[in-house]
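Visitor: requesting a structural model of the entry that follows:
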Amino acid sequence: MKQCWAEAAEQRPTFDEIFNQFKTFNKGKKTNIIDSMLRMLEQYSSNLEDLIRERTEELEIEKQKTEKLLTQMLPPSVAESLKKGCTVEPEGFDLVTLYFSDIVGFTTISAMSEPIEVVDLLNDLYTLFDAIIGSHDVYKLRILKYREIK
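Guide: Here you go, the predicted structure:
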């Protein structure tokens, strides 16, 4: 097909060459060129539909990941407003508590552990912390401070 669009006429296939190509596509059976072209277009259309379906599913999965990350980083009301494309007005609070935490010996623990063990430890710790504060009317802002191990 691409050869048929060639700029120079001598690079384009002749009708006989095109006809022979269609014969090979049809495994030597005698068929109408138009029928062959329609069959090829149907196959192309089907393949394209499958590709679109796959990409749509991938897009939906990524959208869900993005929404989950957004709701983890921001209060639910702010996340919903942003998803709807609305502006978010700043809020004031009469009572605020700041809680700073440090894992004593974390540098030593991480130096002696495999990376996945450190990730599992932090995940377990913060999942437990989230479960505790989830039962209260609390919004958390998690700021992690990393120190380089020398």
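
Visitor: now the element after the strand or helix carrying Lys23, going C-ward?
Guide: Assigned by DSSP states H and E, Lys23 belongs to helix 15-25. The element immediately downstream of helix 15-25 (helix or strand, assigned by DSSP H and E) is helix 33-73.

Visitor: what's near enough to touch the residue most central in space within the chain?
Guide: What sits nearest the mean C-alpha location of the chain, by C-alpha atoms, centre = their mean, is Glu62, with 3.0 Å. Residues near Glu62 by C-beta atoms under 8 Å, 6 or more residues apart in numbering: none. Where you see a C-beta, it was placed from the backbone N, CA and C, and this is true even at glycine.

Visitor: retrieve the pLDDT associated with Ile143.
Guide: The pLDDT attached to Ile143 in the predicted structure is 57.

Visitor: how many residues are close by Leu98?
Guide: Counted with other C-beta atoms under 10 Å, the neighbours of Leu98 add up to 5.

Visitor: got the angle for the helix or strand of the chain with the lowest mean pLDDT vs helix 33-73?
Guide: Least confident helix or strand, the chain: helix 15-25 with a mean of 76, by mean pLDDT, DSSP states H and E. Going by axes from the mean of the first three to the mean of the last three C-alpha atoms, to 10 degrees, helix 15-25 is angled at 60 degrees with respect to helix 33-73.

Visitor: quick one: list the elements packing against helix 15-25.
Guide: helix 33-73 (3 or more C-beta pairs under 8 Å, 6 or more residues apart in numbering; DSSP states H and E).

Visitor: helix or strand right after the helix it packs on?
Guide: Next along from helix 33-73, by DSSP H and E: helix 76-83.

Visitor: which strands or helices does that following helix pack on?
Guide: Using 3+ C-beta pairs under 8 Å, 6+ apart: helix 76-83 touches helix 33-73.

Visitor: from the chain's centre, how far out does the helix it packs on sit?
Guide: Here helix 33-73 is found 13 Å from its chain centre; the criterion is C-alpha atoms, centre = their mean, to the nearest Å.
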